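Novice: model this:
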Amino acid sequence: MEKQVETLLPTKWGNFRMIAYSDSKEETMPHLAMVNEKCDVSRPVLVRIHSECLTGDLFGSKRCDCGEQLDVALSLAAKDGGIVLYLRQEGRGIGIINKMKAYNIQDQGVNTVDANTHLGLEVDARRYDIAIRMLEELGVSKIRLLTNNPLKIEAIKNSSIEIIDRVPLIIKPIKENKGYMETKRDIMGHLYNNL
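Specialist: Got it, this is the predicted structure:
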């Protein structure tokens, strides 16, 4: 995987360098790094590793907290000179079609973990070596990791990147996503203390 192109992207949060990473120039779904214009890699950088959630990020789904997490992460990255890595790993790596099938099973009262296993899929099929390679290419060696996910923490701890601090990303649950967030806390071990 290598850097394919970089461009300036002014956003409602501030100015970012958007950098596309993929294995080939023909890739239509590259991973993206949103690097705030104030980013200084000589100090610990606030970093959010965000996996794509088309339903939450783009369409504002209330089934999850993903869109709100992305919004808060970009806002914090703009304030702190941080980086948001946007990994194309829809639905914890199962893809949008399987994610929609899992939604239909969840509508019958099944949690997100059991819906995935019911479909014969992994609970979480995401890979974080992609994020590590992106950070290394960006020259980042020390980070303040914006996450609640222990798998992301573990992946970074076993890499060349040093975690100086974990910054909680707290989103207030609502009726539609409270069960989803409780499943992440109770079954997947996410570090929530606001539920």
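Novice: alpha carbons of the one helix or strand in the chain whose mean pLDDT sits lowest, as PDB, please.
Specialist: Lowest mean confidence among the helices and strands of the chain (mean pLDDT, DSSP states H and E): helix 178-186, at a mean of 75. What follows is helix 178-186, C-alpha atoms only, in PDB (Å, rounded to 0.1, in the frame of the first residue of the first chain):
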ATOM      1  CA  LYS A 178     -28.300   2.300  23.300                       C
ATOM      2  CA  GLY A 179     -28.500  -1.500  22.800                       C
ATOM      3  CA  TYR A 180     -25.800  -1.300  20.100                       C
ATOM      4  CA  MET A 181     -23.500   0.600  22.400                       C
ATOM      5  CA  GLU A 182     -24.200  -1.700  25.300                       C
ATOM      6  CA  THR A 183     -23.300  -4.700  23.100                       C
ATOM      7  CA  LYS A 184     -20.000  -3.000  22.300                       C
ATOM      8  CA  ARG A 185     -19.300  -2.400  26.000                       C
ATOM      9  CA  ASP A 186     -20.600  -5.700  27.400                       C
END
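Novice: what's that helix in contact with?
Specialist: 63-65, 111-113, 148, 171, 173, 190-192, 195 (C-beta atoms under 8 Å, 6 or more residues apart in numbering). C-beta: built from backbone N, CA, C; applies to glycine.
Novice: ok, the residue most central in space within the chain - contacts?
Specialist: By C-alpha atoms, centre = their mean, the chain has its centre lying nearest to residue 50, at 1.3 Å. Shown in contact with residue 50 (C-beta under 8 Å, 6+ apart): 66, 69-70, 73, 84-87.
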